[in-house]
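Engineer: Predicted structure and sequence below. I'll ask about it afterward.
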Amino acid sequence: MTGSDTPPPERRPDGEPDRARDRELEELHRRVRELESARHEPKHRLRALGSTLLIILASLLALLAVVAVWANSIVRDTDRYVATVAPLASNPDIQQAVTTRVTDAVIAQIDVDGLVKQLSDAAAEKGVPPKLADLVDNLDGPITSGLKDLISGTVMRVVSSSAFETAWKNANRRAHSAVDKALTGSSDSVVQLKDDQVAIDVGPIVAQVKDRLVDAGLTVASKIPAVHTDFVVVQGKDVGKIKTYMRILEIVGNWLPIIAVLVAAAGVFVAAHRRRALIGAAIGVFLAMVLLGVVLTVFRAVYLDHLPPHTNEGAAGAIYDALVRFLRSSVRAVGALALVTAIGAFFVGPSRPAVLTRHFFSKGIGAGRDVAVGAGLRLGPVGRFVHRFKLWIGVAILAVAAIVLFTWSYPTMAVVLWTAVIVLAAFGIREFLDTGDRADMGDTGDTGPQGEPKTA
């Protein structure tokens, strides 16, 4: 030894510092943090309280933001609205409800008594015996029943055809501009809000049924005038209140998500332990989404229980499910994003499970890199660049993922999960390309077999 009796630090074969020394340093850092925390305990408590309040507020705002974006999309996005109501055309309960409503409207326009009188007059002209004439006079009941069966079958064939699905989509696309009026209380010829109902005019279906009845030989149907009858989409005593709330959410729909993110960011920034605050904020948003999902399920049961008598409950349930389908999808997407954020924040922390997990994957990727280098891979300047800017590369990966999610029109849970998978793959590639501070992995003139500098 020269110049000092202190032995050099032990090195592992791959050139990394001794793990025991790392653990000792980590323990010392932990104790220093504890002492600093004890000294600033009152200040930390105040920051913790402020952070907690902001995180709770952000969670509530996130819940409202999801509902607001959904309400805004239903009103402003025609394609979204059509995609929402399109499945209703093939729903059996909706088809049955439309059939019943149209059949009643057509029957009401046919003069059954007039038909019976025509038959009676024709019988009298033919000299039919009096008893038979009396039977003809009493045919109004059977004629009404037969007409109802004929018309109902014709209507069902109309509403179960592919042409009806196309007509349903086109009608809703044309009517979409009226949805805003329906939700804000203005009347419209197609979609209306009156008597606490949102109703759609099914007059065009009556016209199709009229043509088919005439083609089938029921010439009396040609006398049916243009009929405008309503098919109730939403009905209940609280529709007026819901209309007001929806209007408010429509107005603030574009701003609530941004406000929720800013409030959550403020809660994390104020906290003394920001990583823990980030985990808390993510869990808070996740719980808010769970709560919203439960509320949607409970509200469905309450809504169906308060329907007016003789309402087709199956059709009402199908309409409710269709209207909230994309809202449920958004709830799952935001909940998945919050959960992924919480898990990611945990595994970048100093806890023993997090450290062991990172060490496990780092070693595995490092072993794969060594095998690739041994097979002739040359990382050279790329490896040095990645090592030098490793932190900023990680920030860029997360920034790109955030931009993708925030600019995606309507991200689903699958989009969130696939984005998380791609982010993990990107970090794995970053780790693979990071050669450390070694000059040039794979250049045999500069490094030894284990990546250590050669000595004379």
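Structural biologist: It's in.
Engineer: By mean pLDDT, flag the weakest helix or strand of the chain.
Structural biologist: When each helix and strand of the chain is scored by mean pLDDT, DSSP states H and E, strand 191-194 comes last, with a mean of 51.
Engineer: hmm, who's touching whichever strand or helix holds residue 427?
Structural biologist: According to DSSP states H and E, residue 427 maps onto helix 413-433. The contact list for helix 413-433 (Cβ atoms under 8 Å, 6 or more residues apart in numbering) reads 329, 332-333, 335-337, 340, 344, 361-362, 365-366, 368-369, 379, 382-383, 386, 390, 393-394, 397-398, 401, 404-405, 408. Every C-beta, even on glycine, is put in place using the N, C-alpha and C of the backbone.
Engineer: Tell me, how many residues neighbour the residue lying closest to residue 88 once chain neighbours are set aside?
Structural biologist: Closest residue to residue 88 apart from its sequence neighbours, by Cβ to Cβ, 6 or more residues apart in numbering: residue 94 at 4.8 Å. Per other Cβ atoms under 10 Å, the neighbour tally for residue 94 reads 24.
Engineer: which parts of the strand or helix carrying residue 94 are buried?
Structural biologist: For residue 94, the element it lies in under DSSP H and E is helix 92-109. By 16 or more other Cβ atoms under 10 Å, the buried positions in helix 92-109 come out as 93-103, 105-106, 109.
Engineer: Strands of the stretch 201-350 of the chain, start to end?
Structural biologist: 230-235 (DSSP state E, counting those that start in this stretch).
Engineer: was I right about residue 307 contacting residue 315?
Structural biologist: No - if you go by Cβ atoms under 8 Å, residue 307 and residue 315 don't touch, sitting 10.1 Å apart.
Engineer: Same drill for those two, tell me which one is more crowded.
Structural biologist: Neighbour count, other Cβ under 10 Å: between residue 307 and residue 315, residue 315 has more, with 23 against 15.
Engineer: How much space separates the closest residue to the more buried one other than its chain neighbours from residue 378?
Structural biologist: Distances taken as Cβ to Cβ, 6+ apart place residue 97 nearest to residue 315, at 3.9 Å, with adjacent residues excluded. From residue 97 across to residue 378, the span is 70 Å (Cβ to Cβ, to the nearest Å).
Engineer: got it, and residue 307?
Structural biologist: 72 Å.
Engineer: do the same with residue 349
Structural biologist: 35 Å.
Engineer: Kindly report the same for residue 294.
Structural biologist: Distance from residue 294 to residue 378, counting by Cβ to Cβ: 56 Å.
Engineer: Give me the more crowded residue out of the two.
Structural biologist: Neighbour tally, residue 294 and residue 378, criterion other Cβ under 10 Å: the higher count belongs to residue 378, 13 against 10.
Engineer: so which strand or helix has that one?
Structural biologist: Going by DSSP H and E, residue 378 is not in any helix or strand.
Engineer: what about it, distance to residue 314?
Structural biologist: Taking Cβ to Cβ, one finds residue 378 at 67 Å from residue 314.
Engineer: Endpoints of stretch 86-99, how far apart?
Structural biologist: By Cα to Cα, to the nearest Å, the extent of stretch 86-99 from end to end equals 17 Å.
Engineer: Quick one: residues in contact with it.
Structural biologist: Stretch 86-99 is contacted by residues 152, 155-156, 159-160, 164-165, 168-169, 172, 202, 205, 231, 312, 314-315, 317-319, 322, 325 when judged by Cβ under 8 Å, 6+ apart.
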